[in-house]
Structure formats: C-alpha cells, structure tokens
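Visitor: Give me a model of this one.
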Amino acid sequence: MFNQRKVGIIGAGHVGSHCALSLILQGVCDEIVFVDIDKNKAQSQALDCMDTVAFLPHRAKIKRGEIKDLREMDIIVISVGTIDNISKNRLSELEGSLNMIKSFIPDIMKTGFKGYFVVITNPVDIVTYFVQKLSGLPHNHVIGTGTGLDSARLRRTLSTKLNIDAKSIQAYMLGEHGDSQMGVFSQTTINGIELNKFLEKTKLNIDLDEVENIVTKAGWEIYSGKKSTEFGIACVCTEIIRAIYSDEKKVMACSGYLQGHYGNYGVYTGVPVIIGKHGVENILELELNEKEKDKFNKTIEIIKKHIEIGSEILDETTCINF
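Guide: Numbering: from 1, shown residues only. You can find the predicted model right below:
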C-alpha cells in the first residue's frame, strides 16, 4: 500500500521536531517534510534530524518544504500552536488553534491530498473535529492523539504505586485531553487481573481519585519545569503512524469519532481504537460503571460546548463537510 513512507509535519517546534526524530530513530518512515511559517527553523530542524541518519541502520530523508509538497504525503502531522501557561487550560488555546488550521487545511486539500491527518494541536479533540470538517476526509482518516499520552501517564503512575512494570498494566484515560478526562479503573487490569482484585491480593491501598488527578495534571507538572512537553507525545504520534503503515490493528487511546459509541454521537474524544492501514478501523467500547458513565458524559458535554464555540470562530462556509 505504501511504497515510500512519506510524512509531512506542520509545525517545527518542540513537538514537531521530536515527532520527526522519533519516527526516524524507529525507522517508521522514509521521508519527512517540515512545513512551518518560520522557514529557517524548519530548515534547521531538517538538517539537525539528517545529522542522525549516519548513525542509524536505515535511511531517511528529511527536508523543509511548502504546502504544495504535502500532496504526496501519506500522513500529515499537525503540531502547530502555543501553550497557554497562564490559565493552564488547553481549551483556552481553541481560538488560536482554529485560526491556524483554517489558514492551511483548505490549501492542503487543494493540492489533492488524500491521506491521513494525525492531530496533536490542542485542544486536540475539538481541533481534530474541525480538521475533519475543513478537509472533508473520512472520519477514520483524521486521528487525534487524544488521551493516548494520558493513558501512558496513567500506566506510569500506577506502575510507581503498584511496583509493576507499566507495560504489564492495561489502563485507559477517556474523554477530553484536558481537565475533564477520566480514568476507567473498573476495566484496568494487570496482565488480565482486575485492578480491584490485584489490590485485594497484594493488600495495597491506593487512592484512585488521587491517581486520576496526578494524571490529569501531569502535563502541567512537566511544563512547569521545562516549558514544554515533547518526548511522550512524539512517541504517541509514532505509534499511530507505525500502526497505519504496518497495518498493526493496534489498540490504543486516540481521539476517535463517536457514532453512537458510549451513547454519544458527532464528537471526537479519547477512547480505545483499533488502528490499521485504514486509519481508525474500529472503536472499542469499555464497560463503564455508573460513576464512570457520568464522568464520561460530562467530558463529552464540555467537548460539545467547545465545538459550538469553535463553529462561531470559524467561517462555516470554509468547511467542506459542516
């Protein structure tokens, strides 16, 4: 399906550059094109990445490009945006992010691009929704990173508290990649053992509300020390892209489009999905308890509210599938 694996990255900052580095270090793609309003930065990031190739067991070509060069890409990563470090609320980035994607998505589609978008820009669930609207691509071809990183943070936090390798823990954060995200502890397992049974057997006592809060605030904790988050999200992006190229049928949390799933319609939000050569090929519905259902519906309402705000920000006539 993919002869030369070509990835475009819009936004050559902390996140975009580390997505590129992760992709080439892991040998996931053959060519990367950086596009950024700061052309000098895009050029420098491309050259810096190319300097690593001599040390790798595989070849890759990284260069700076323009919007017109994205036509031939299989996958385009959207990593534009700035972090609002005052309000510490990703939703406050909505207007700026929507104005950015509005400035280039229609131009990309005019080139004849028919691939996949992987959206990182915050607030990612709402931005993913509007990337699909602006592009007119099928919903399964537009994928937000969603709670993929939050789910990894949940496994990291539980790993520390349980003294169990994070790779042996199956756990998901669902909903908004933001303050209203929620953990599905009723379906969390340690290599098949339900979390509550594991706690009974080991006589461990952990506060799950505290765990959820730690995960929700993890991004801001990282940002407060280094003024960016980049490594974890780059790995989430790489996992999505590798799953598409390799047709892995990989299960991971991403912003998937709900069409009756979990009793909700018409929104992108963080849920476990199956990713393969057709993008999001299926959405898995975890069995939530009543408390979790209530939390999930609340996070969906927040996303819907901000979709309404986003609709007012964008000129709806620019949306192909509004």
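Visitor: Verify the stated contact: residue 199 with residue 208.
Guide: No. Counting by C-beta atoms under 8 Å, residue 199 stays clear of residue 208, with 9.5 Å between them. Every C-beta, even on glycine, is put in place using the N, C-alpha and C of the backbone.
Visitor: Determine the set of other helices and strands touching the strand or helix carrying residue 244.
Guide: Secondary-structure assignment from DSSP states H and E places residue 244 in helix 231-246. Judged by 3 or more C-beta pairs under 8 Å, 6 or more residues apart in numbering; DSSP states H and E, helix 231-246 is in contact with helix 14-25, strand 75-78, strand 116-119, helix 148-162, strand 250-259, strand 265-276.
Visitor: Pull out the buried residues from it.
Guide: 232-245 (16 or more other C-beta atoms under 10 Å).
Visitor: Let's have those residues in CSV, adding pLDDT.
Guide: Formatted as CSV, the buried residues of helix 231-246 follow (pLDDT from 0 to 100):
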residue, pLDDT
232, 95
233, 96
234, 97
235, 97
236, 98
237, 98
238, 98
239, 98
240, 98
241, 98
242, 98
243, 98
244, 98
245, 98
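Visitor: Which one of these is nearest to residue 288?
Guide: residue 236 (23.0 Å; C-beta to C-beta).
Visitor: got the contact list for that closest one?
Guide: Neighbouring residues of residue 236 by C-beta atoms under 8 Å, 6 or more residues apart in numbering: 145, 148, 149, 152, 252.
Visitor: Can you give me the distance of the closest residue to it other than its chain neighbours to residue 229?
Guide: What sits nearest to residue 236 in space, not counting adjacent residues and going by C-beta to C-beta, 6 or more residues apart in numbering, is residue 148, at 4.1 Å. Remark: distance between residue 148 and residue 229 (C-beta to C-beta, to the nearest Å) = 13 Å.
Visitor: Which of the two has more residues huddled nearby?
Guide: Taking other C-beta atoms under 10 Å, residue 148 and residue 229 do not tie; residue 148 has more neighbours (29 against 19).
Visitor: Quick check: the more buried one touching residue 235?
Guide: No. Between residue 148 and residue 235 there is no contact under C-beta under 8 Å: 9.0 Å.
Visitor: Show me how the record splits this protein into domains.
Guide: Structural domains annotated on the chain: 6-146, 148-310, as defined by automatic domain parsing.
Visitor: Let me know which of the ones you listed is tucked in deepest.
Guide: domain 6-146 (a mean of 20; mean count of other C-beta atoms under 10 Å).
Visitor: Tell me the helices and strands packed up against the stretch of helix or strand residue 217 belongs to.
Guide: Using DSSP H and E, residue 217 sits in helix 208-226. With contacts taken as 3+ C-beta pairs under 8 Å, 6+ apart, helix 208-226 sits against helix 148-162, strand 182-183.
Visitor: Please enumerate the helices of the stretch 51-200 of the chain.
Guide: For the stretch 51-200 of the chain, the helices defined by DSSP state H, counting those that start in this stretch occupy 94-110, 124-135, 148-162, 195-202.
Visitor: want to try a markdown table for those, with mean pLDDT as columns?
Guide: Output for the helices of the stretch 51-200 of the chain, formatted as a markdown table (pLDDT from 0 to 100):
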| stretch | mean pLDDT |
| --- | --- |
| helix 94-110 | 94 |
| helix 124-135 | 97 |
| helix 148-162 | 97 |
| helix 195-202 | 96 |
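Visitor: With distance to residue 282 added, can I get those helices in a markdown table?
Guide: Formatted as a markdown table, the helices of the stretch 51-200 of the chain follow (distance: least, C-beta to C-beta, whole Å):
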| stretch | distance to residue 282 |
| --- | --- |
| helix 94-110 | 26 |
| helix 124-135 | 17 |
| helix 148-162 | 16 |
| helix 195-202 | 25 |
